[in-house]
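Q: sequence plus the predicted model coming up.
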Amino acid sequence: MPKPKVFVTRIIPKRGLDIVLELCEADVWPGELPPSRDELLRRARGVDGILSLLTDRMDAEVMDAAGPGLKVISNHAVGFDNVDVPAATARRIPVGNTPGILTDATADMAFALLLAAARRLVEGAQYVKDGKWKTWGPSLLLGADFVGATLGLVGFGRIGQAVARRARGFGLRVIYHDPTAESAYGALPVDFETLLRDSDFISLHVPLTDETYHMINAETLAKMKPTAVLVNTSRGGVVDPSALEQALRSGTIFAAGLDVTEPEPIRSDDPLLALDNCLIVPHLGSASKQTREMMSYLAAQNLVAGLKGERLPHCVNPEVYER
């Protein structure tokens, strides 16, 4: 019996890739950069399944290029804003993701960015490399204190709650805005306006939707404290980059730490990169070896289940099984 044909849009960690290669006739994109749109459409033709990354726009055009034999789209990520889920559902194609396993790694990254931006670690390291460190100074590179400060979490799902759990050890008061979530780890629910006004640190943990697109903009930044530190490990589009650049440059807020950007990757001439009070890293939230291996395993599980006609272990559109 011939193996099902699949397209894997990038080389994923070995644990998941080995499963795919064993059970499928797999076309694996070998490049470090994602396939071009033309390549994506060409390689999708006639496949039974696609294992995609966030960098791949999986829309109706791709699904139709694959044809009626497309049984599953498995996204190697917890987020799935790169997938047109309604289009997949209309075609009765289940879409899989990899939830849960990257919670702690992403929460660690959020807290790392909070600490680094607040205490100006990268700026300090560069200060030493540039040969500027001549002596200890009482006013040298002063940052923000954590004990007794208020951390505001926008979004209080798994990752937001994991950040709240870490914050307790730093003596932070934690508030959050998320109408759908219940309180945990001593965090107090507040409205968005109160969170913006009262927080010394703000960490973003919301999906990218029409409602959250550019929710951090000139108006909301102006409501923050001038000492505030903003961290984003969710999606780049949640923050208006032009408004953030102006707020950081003018002192409207103190600093920012970004794991995600708009666009992504950020352009090398983006004005945010010229600011000492803006720390940007290349989407490393889930970038621990154990986490990425497990993500690849879950993505492979979803792919194989869909190819077999079985229910995906982690399906974002379960209504396809009810039709």
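A: Now that the structure is in, tell me what you want to look at. Residues are numbered from 1 along each chain as shown.
Q: from Asn97, how far off is Glu322?
A: In this structure, Glu322 and Asn97 are 19 Å apart, going by Cβ to Cβ, to the nearest Å. To be clear about C-beta, it is placed using only N, CA and C from the backbone, and glycine gets the same treatment.
Q: who's more crowded, the two?
A: Comparing Glu322 with Asn97 by other Cβ atoms under 10 Å, the one with more neighbours is Asn97, at 22 against 5.
Q: now the residue nearest to the spatial centre of the chain: which helix or strand?
A: Among the residues of the chain, Ser234 comes closest to the average C-alpha position under Cα atoms, centre = their mean, at 4.1 Å. Element membership of Ser234, judged by DSSP states H and E, is empty: it is in no helix or strand.
Q: contacts only, for it.
A: Under the criterion of Cβ atoms under 8 Å, 6 or more residues apart in numbering, the neighbours of Ser234 are Gly155, Leu204, His205, Val206, Pro207, Leu208, Val260.
Q: find the nearest non-adjacent residue to it, please.
A: Leu204 (4.7 Å; Cβ to Cβ, 6 or more residues apart in numbering).
Q: does the closest residue to Thr212 other than its chain neighbours count as helix, strand or coil?
A: In space, and not counting its chain neighbours, Thr212 is closest to Val206: 4.8 Å by Cβ to Cβ, 6+ apart. Under the three-state scheme (DSSP: H, G, I helix; E, B strand; the rest coil), Val206 adopts coil.
Q: distance between the ends of stretch 9-26?
A: End-to-end span of stretch 9-26 (Cα to Cα, to the nearest Å): 10 Å.
Q: got it, and stretch 185-200?
A: Length of stretch 185-200, first residue to last, Cα to Cα: 19 Å.
Q: for it, what is the distance to the chain centroid?
A: Here stretch 185-200 shows a centroid-to-chain-centroid distance of 22 Å under the convention Cα atoms, centre = their mean, to the nearest Å.
Q: next one: stretch 280-294
A: Using Cα atoms, centre = their mean, the offset of stretch 280-294 from its chain centre is 10 Å.
Q: can you name the residues in contact with it?
A: With contacts defined as Cβ under 8 Å, 6+ apart, stretch 280-294 is touched by 13-16, 78, 98, 101-102, 104-106, 108-110, 113, 233, 257-261, 264-266, 272-273, 295.
Q: now do the strands in the stretch 151-300 of the chain.
A: Using DSSP state E, counting those that start in this stretch, the strands found in the stretch 151-300 of the chain span residues 173-177, 188-189, 201-204, 229-232, 255-258, 278-280.
Q: reformat these as TSV; add mean neighbour count, distance to Trp29 and mean pLDDT.
A: As requested, the strands of the stretch 151-300 of the chain are arranged in TSV below (neighbours: other Cβ atoms under 10 Å; distance: least, Cβ to Cβ, whole Å; pLDDT from 0 to 100):
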stretch	mean neighbour count	distance to Trp29	mean pLDDT
strand 173-177	23	39	98
strand 188-189	14	44	98
strand 201-204	28	31	98
strand 229-232	28	28	98
strand 255-258	26	27	98
strand 278-280	22	26	98
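Q: any chance of these in TSV with distance to Val28 as columns?
A: As requested, these are exported to TSV (distance: least, Cβ to Cβ, whole Å):
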stretch	distance to Val28
strand 173-177	41
strand 188-189	45
strand 201-204	33
strand 229-232	31
strand 255-258	30
strand 278-280	30
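Q: write a ChimeraX command that selects only the buried members of the contacts of stretch 280-294.
A: For selection in ChimeraX, the members of those meeting the burial criterion (16 or more other Cβ atoms under 10 Å) are listed in this command:
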select :13,15,16,78,98,101,102,104,105,106,108,109,110,113,233,257,258,259,260,261,266,272,295
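Q: in helices, which of the contacts of stretch 280-294 fall?
A: Secondary-structure check on the contacts of stretch 280-294 using DSSP state H: residues within helices are Lys14, Arg15, Gly16, Asp104, Ala105, Thr106, Asp108, Met109, Ala110, Leu113, Met295.
Q: could you export those as a markdown table, including distance to Ile73 and pLDDT?
A: Formatted as a markdown table, the entries for those read as follows, by distance: Cβ to Cβ, whole Å; pLDDT from 0 to 100:
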| residue | distance to Ile73 | pLDDT |
| --- | --- | --- |
| Lys14 | 22 | 97 |
| Arg15 | 20 | 97 |
| Gly16 | 15 | 98 |
| Asp104 | 26 | 96 |
| Ala105 | 24 | 97 |
| Thr106 | 23 | 96 |
| Asp108 | 29 | 98 |
| Met109 | 26 | 98 |
| Ala110 | 28 | 98 |
| Leu113 | 31 | 98 |
| Met295 | 15 | 97 |
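Q: now do the same contact list for the residue nearest to Glu61 when sequence neighbours are not counted.
A: Spatially, and ignoring its direct neighbours in sequence, Glu61 is nearest to Leu41 (6.8 Å; Cβ to Cβ, 6+ apart). In this structure, Leu41 makes contact with Glu61, Val62, Ala65, judged by Cβ under 8 Å, 6+ apart.
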